[in-house]
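Asker: Structural data only, the sequence is not supplied:
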């Protein structure tokens, strides 16, 4: 969901505060950590207990763009991810 943190940057600019981030892609997690002072996102959200998700007012999630990017195979909606 977090990717490299682009949506977080926008929310930060609007005064939001990120209380948790989740990303399955290892390279995206590494880049996110670099972008946000060493803060490493949690891994696969499906493996995180709901009790471990901090209280929040707003939840955002990004649509997996890899299936649609021109740099990938472009399976579109047929991509199982």
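Answerer: Yep, that arrived. Since the model is a prediction, treat every value here as computed from it, not as a measurement.

Asker: burial count for the nearest residue to residue 54 once chain neighbours are set aside?
Answerer: Nearest in space to residue 54, with sequence neighbours left out and distances taken as CB to CB, 6 or more residues apart in numbering, is residue 19 at 4.3 Å. Heads up, the C-betas are built off the backbone N, CA and C, glycines and all. As a burial measure, residue 19 scores 12 neighbours (other CB atoms under 10 Å).

Asker: gap between residue 19 and residue 25?
Answerer: Residue 19 sits 21 Å away from residue 25, going by CB to CB, to the nearest Å.

Asker: before we move on, back to that, surely the residue nearest to residue 54 is in contact with residue 56?
Answerer: Yes: with contact defined as CB atoms under 8 Å, residue 19 reaches residue 56; the gap is 5.4 Å.

Asker: Could you point out which residue ranges in this structure have low pLDDT?
Answerer: 63-64 (pLDDT under 70).

Asker: in it, which spans are helices?
Answerer: 6-13, 26-35 (DSSP state H).

Asker: Reformat those helices as JSON lines; add distance to residue 79.
Answerer: JSON lines is the format used below for the helices of the chain (distance: least, CB to CB, whole Å):
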{"stretch": "helix 6-13", "distance to residue 79": "20"}
{"stretch": "helix 26-35", "distance to residue 79": "16"}
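
Asker: Relative to residue 20, how far out is residue 14?
Answerer: 18 Å.

Asker: who's more crowded, these two?
Answerer: The residue with more neighbours, out of residue 14 and residue 20, is residue 20; 15 against 7, by other CB under 10 Å.

Asker: show me the contacts for that one.
Answerer: 42, 53-54, 56 (CB atoms under 8 Å, 6 or more residues apart in numbering).
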